[in-house]
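>>> Predicted coordinates and the sequence they were generated for:
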Amino acid sequence: MTGRAMKQTTKFLQSNGLRIAYETFGNPTDPTILLVAGLYNQLVRWPVELCELLVTQGFRVVRFDNRDIGLTDKMDGIRAPSFLRLLLNYYLGIPVSAPYSLSDMAADTVGVLNALGVEQAHIVGMSMGGMISQLVTGLYPDRILSLTSIMSTSGEWGKGVASLKVARQMTKTTSKNRSALDNSVETWRLIGSPAYPMSDESVRAQLVAEHKRSNYPAGYMRQIAAIRTAPGRAKLLKTIKVPVLVIHGQQDLLVPVNGGIDTAKHIPQAELAIFEGMGHTLPQALLPTFAELIAKNALKSTNFH
């Protein structure tokens, strides 16, 4: 069965007390690459083309919905702090409690490997998924063979932090004249890749398809709270011993490139690949390059000490 046929088959597993939705591509006996999605991104945000390219490089690929998104269990009834409270916490240190942490989401991710019977995997995360993947690699070192962190950050103060203009857009409310879909298209336009533009129609079609699969806005602020309240990871990053690849767009407005640079700075063996004209998206034209870089980084693990 090809990856394109398999992508329609969403399966479920139990991890960390949650029912998690996942999909697989490729041969189960091949080394596993686990893809961890970003803030409020369903597993479908990982392009099927990228999954299939990685399969042709000799890997089995697994993508899944994080908690509070897609077809995975939701944290119903747990209220997230407001965006204003989170800003006060970040800039003034005013205490705030999040419904769950990025470390909880890292435990979910390891639970996916457990449920699939995968002892060790290569992990690839984008944006928030990069943060989670860094935590998995640092906190569960015996489970991860290589790490690729895409358009993410170290969590250190002032690194990879969106401007207030972008932050306001990310939390813009709906109105009589502006739907949530309109806001999402506008956000994509703002944080997209200037050298690899997508038409509003293409963006809208992708977002409508995602919306039909699942629409759960309540999870959005809870995931933001997990990101905003997470401590910096510099000390943890320094302990990572596996091959590490950091991919970032030079024109990323949501997680500015200094976040990727800082991530790589704390990991002596990290390779940093910065792409001119790339924003906070995975441009289709770059997918073959990404697959090649990810595979090359993963293969380093066979003779890496």
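Received the coordinates, thanks.

>>> quick one: secondary structure of L181?
Put simply, L181 is helix when judged by DSSP: H, G, I helix; E, B strand; the rest coil.

>>> can you pull the contacts of it?
204, 207-208, 211 (Cβ atoms under 8 Å, 6 or more residues apart in numbering). For the C-beta atoms, the positions are set from N, CA and C on the backbone; glycine is no exception.

>>> quick one: it from R222, how far?
21 Å (Cβ to Cβ, to the nearest Å).

>>> and if you look at A121?
If you go by Cβ to Cβ, the gap between A121 and R222 works out to 26 Å.

>>> And M131, by the same measure?
For M131, the distance to R222 - Cβ to Cβ - is 15 Å.

>>> Looking at those two, which is more packed in?
For M131 and R222, the more surrounded residue by other Cβ atoms under 10 Å is M131, and the numbers stand at 30 against 21.

>>> what sits up against the strand or helix carrying that one?
Here M131, judged by DSSP states H and E, is contained in helix 128-139. If you take Cβ under 8 Å, 6+ apart as the criterion, helix 128-139 is touched by 35-39, 41, 66, 102-103, 105-106, 109-110, 123-125, 143-144, 147-155, 223, 226-227, 230, 233, 236-237, 239-240, 242, 244, 263.

>>> Filter those down to just the ones in strands.
35-36, 123-125, 144, 147-150, 244 (DSSP state E).

>>> mind checking how far the most far-flung residue of the chain relative to its centre is from D182?
No residue in the chain sits farther from the centre than K176, which is 31.7 Å out by Cα atoms, centre = their mean. Computed as Cβ to Cβ, the K176 to D182 distance reads 11 Å.

>>> repeat for G77
Taking Cβ to Cβ, one finds G77 at 29 Å from D182.

>>> Could you check which of these two is surrounded by more residues?
Between G77 and D182, counted using other Cβ under 10 Å, the more crowded position is D182 (15 against 7).

>>> So which residues of the chain form helices?
All helices of the chain, identified by DSSP state H, fall at 3-6, 48-56, 83-92, 102-116, 128-139, 164-170, 180-191, 200-213, 218-228, 234-238, 258-265, 287-299.

>>> Look up how far T187 lies from the residue farthest from the centre of the chain.
19 Å.

>>> How about P231?
Taking Cβ to Cβ, one finds P231 at 27 Å from T187.

>>> which of those two has more neighbours?
Taking neighbours as other Cβ under 10 Å, P231 and T187 compare with T187 leading, 19 against 12.

>>> Excluding sequence neighbours, find me the nearest residue to the more buried one.
Leaving aside its sequence neighbours, T187 sits nearest to Q169 (Cβ to Cβ, 6 or more residues apart in numbering; 5.4 Å).

>>> just S152 next, same as before
Nearest to S152 is G130, by Cβ to Cβ, 6+ apart, at 2.5 Å.

>>> And the pLDDT for that neighbour?
G130 is assigned 98 on the pLDDT scale.

>>> Same check on F83?
F83 is given a pLDDT of 76.

>>> For it, which residues are in contact?
Here F83 is in contact with 167, 171, 221, 224 (Cβ under 8 Å, 6+ apart).

>>> cutoff 7 Å now
By Cβ atoms under 7 Å, 6 or more residues apart in numbering, the contact list for F83 reads T171.

>>> quick revisit: include pLDDT, distance to S97 and neighbour count when you put the ones in strands among the contacts of helix 128-139 into TSV, please.
Converted to TSV, the ones in strands among the contacts of helix 128-139 look like this (pLDDT from 0 to 100; distance: Cβ to Cβ, whole Å; neighbours: other Cβ atoms under 10 Å):
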residue	pLDDT	distance to S97	neighbour count
L35	98	30	27
V36	98	24	33
I123	98	28	30
V124	99	30	28
G125	98	25	26
I144	98	29	23
L147	98	29	28
T148	98	32	27
S149	98	27	33
I150	98	29	27
V244	98	32	24
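
>>> Since that was my last question, I'll sign off now.
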